[in-house]
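J.: sequence and predicted structure are below.
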Amino acid sequence: MAYRFGITPYTPHTSKKVKKAGWSDTYLTPLPLIKALGPFDLDPACPPEMPWRTARRMFHFPKQDGLILPWRGRVWLNPPFSKMKAFAQKMIEHGSGVILLNGRATETRASQLCFEASSAVLLMSKRIRFCDRKGEELGAWFPSILVGFGSEDRDRLYDLSILKRDEFGGTVFKRL
Ligand SMILES: C[S@@+](CC[C@H](N)C(=O)[O-])C[C@H]1O[C@@H](n2cnc3c(N)ncnc32)[C@H](O)[C@@H]1O
């Protein structure tokens with residue numbers, strides 16, 4: 001599979017389970033992170049079915065295309081690798097919510113555009129353990145970066161890093 005932004009899908013930490021399953025666009029955000037950061041009005045990039053809710057409204061691909069449908073409110077975005085730049089651009093235009101980025105791909109155009117437009121950037125000190133479509137843990141293949149847009153999300157990322165330091169802490173850079 002080709003990755004447009006040069007993201008390396010496997011790391012030495014990749015579990016056997018993930019290798020067996022193969023890499024896909026679907027690696028679910030664990031519920032504790034959603035609960036700690038939420039509530040969100042919209043998650044525009046979801047598989048057809050999910051074991052839990054990430055937002056009040058969810059766009060389930062392919063029936064609902066998050067790149068075409070309008071976005072409203074505070075958005076949670078864990079974008080599919082295959083459409084990273086298009087989703088990042090739509091998030092920047094929207095300007096409210098949080099996008100999850102791969103900490104091993106900080107040089108990509110998508111990441112750089114997000115950093116430029118952000119109100120806060122949280123470099124997480126622990127890797128997120130993503131889940132499969134059934135909610136079972138897959139692995140923690142790469143370090144994550146949470147990027148907030150707008151003043152509300154700037155404050156929320158800062159609070160998250162302090163209040164949930166053990167699980168979701170890290171270093172936060174804020175725009176003043
Ligand atoms: C990394 S997963 C994130 C799932 C979920 N949003 C979460 O945070 O747990 C990205 C999902 O986006 C879906 N997707 C791909 N293209 C999409 C599109 N154009 N519109 C909406 N979702 C899409 C993929 O099928 C994949 O399941």
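T.: Nice, thanks for sending it over. Numbers count the residues shown, from 1 in each chain.
J.: quick one: name the residues of this structure near the ligand.
T.: 25-29, 43-47, 54, 59, 61, 65-67, 78, 80, 83 (C-beta under 6 Å from any ligand atom). (Each C-beta comes from the backbone N, C-alpha and C, glycine too.)
J.: now with 8 Å, please.
T.: 24-29, 34, 43-48, 50, 54, 58-62, 64-68, 76-83, 86-87, 100, 130-131, 133 (C-beta under 8 Å from any ligand atom).
J.: and those residues, which are buried?
T.: When the residues of the chain next to the ligand are checked for burial by 16 or more other C-beta atoms under 10 Å, the buried set is 24, 26-29, 34, 43-47, 50, 54, 58-59, 61, 66, 76-81, 83, 87, 100, 130-131.
J.: narrow these to those in strands?
T.: 43-46, 58-59, 76-77, 100, 130-131 (DSSP state E).
J.: of all the residues you listed, which comes closest to G169?
T.: Ranked by distance to G169 (C-beta to C-beta), these are led by L100 at 15.6 Å.
J.: nearest residue to that closest one in space, please, no chain neighbours.
T.: Counting by C-beta to C-beta, 6 or more residues apart in numbering, L100 lies nearest to N78, which is 4.5 Å off, once chain neighbours are set aside.
J.: likewise for G150?
T.: S96 (4.7 Å).
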